[in-house]
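1. my questions concern the predicted model and sequence given below.
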Amino acid sequence: MSIRNEPNVLSRMEKTGSDILKCMHCGVCSGSCPSGRHTILNVRKLLKKARSDTAVLSDDSLWMCTTCYNCQERCPRGIDIVDAIFEIRTLAVHEGIIYPEHRMVGELLLEHGHAVPINEENRAKREALGLDPLPPTVHSFPEGLEEVKKLLVSCKFDELMSEK
Ligand code: SF4
Ligand code: SF4
């Protein structure tokens, strides 16, 4: 995995790059983060790292955020923290920094039109809840699968998943 020689991640973030500069390091975000209580994620430090270091793109904690939005709702500076995390993740993926597990999910989406295709266990669970065994997606409308695939190809998602 190579990281392009870009000194500044913020300048490559179209929506939230300048927002991050408003951070006053109060720590409300990291103190409000449920994921941070159980993982290596420290969202304040992550955003700080984005200001100066391209290594943020390969920081494992980037993927520990569950996008619960707690931090964003509480940030006194009104910084769109989660949107910033999404932007940094997007940059990372375009650098080819994709974990094997994420690539596997992407490949499932390309093949089945679902990141988590239905299986016997989930069919049974749905039926036990009084639902149709298949959700009203391409599983129920297989003719739509080609359309889903076309959409994914049109946004070059297939190329992204095939870059190793
Ligand atoms: S809550 Fe907002 S201002 Fe405070 S450290 Fe986090 S991002 Fe910065
Ligand atoms: S959105 Fe992510 S970073 Fe923010 S509080 Fe939730 S898990 Fe933590």
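-> Perfect, I can see it now. Ligands and ions are numbered 1, 2, ... in the order given.
2. so where's this protein uncertain?
-> 1-7, 163-164 (pLDDT under 70).
3. how about the helices in it?
-> Taking DSSP state H to define them, one finds helices in the chain at 17-20, 28-31, 43-52, 70-74, 81-94, 100-112, 120-128, 145-154, 157-162.
4. now do the buried residues in the first one.
-> Meaning helix 17-20. By neighbour count on 16 or more other CB atoms under 10 Å, the buried set for helix 17-20 is Gly17, Asp19, Ile20. All C-beta atoms are positioned from the backbone trio N, CA, C, and that covers glycine.
5. nearest to ligand 1 among the residues you listed?
-> Nearest to ligand 1 among the buried residues of helix 17-20, counting by CB to the nearest ligand atom, is Ile20 at 7.5 Å.
6. what sits against the closest one?
-> Leu10, Met13, Leu47, Ala50, Arg51, Ile79, Ala84 (CB atoms under 8 Å, 6 or more residues apart in numbering).
7. would you list the buried entries among these?
-> Leu10, Met13, Leu47, Ala50, Ile79, Ala84.
8. outline the domain layout of this protein.
-> 10-94, 100-162 (automatic domain parsing).
9. closest to ligand 1 out of those?
-> Of all those, domain 10-94 comes closest under CB to the nearest ligand atom, at 3.1 Å.
10. is that closest one anywhere near ligand 2?
-> Yes: looking at domain 10-94 against ligand 2 by CB under 6 Å from any ligand atom, the contacts come from 32-33, 35-36, 43, 65-71, 81-82.
11. list only buried entries from the residues you listed.
-> Among the residues of domain 10-94 next to ligand 2, those scoring as buried are Ser32, Cys33, Ser35, Gly36, Val43, Cys65, Asn70, Cys71, Ile81, Val82 (criterion: 16+ other CB under 10 Å).
12. so Asp59 sits against Leu47, correct?
-> No: using CB atoms under 8 Å as the test, Asp59 is too far from Leu47 to be in contact (11.0 Å).
13. list residues touching both of the two?
-> Between them, Asp59 and Leu47 share no contacting residue, judged by CB under 8 Å, 6+ apart.
14. quick one: residues contacting Glu87.
-> Met13, Glu14, Lys15, Thr16, Gly17.
15. okay if I get those as TSV plus distance to ligand 1?
-> Putting the contacts of Glu87 into TSV (distance: CB to the nearest ligand atom, whole Å) gives the following:
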residue	distance to ligand 1
Met13	14
Glu14	19
Lys15	15
Thr16	11
Gly17	14
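16. many thanks, I have nothing further to ask.
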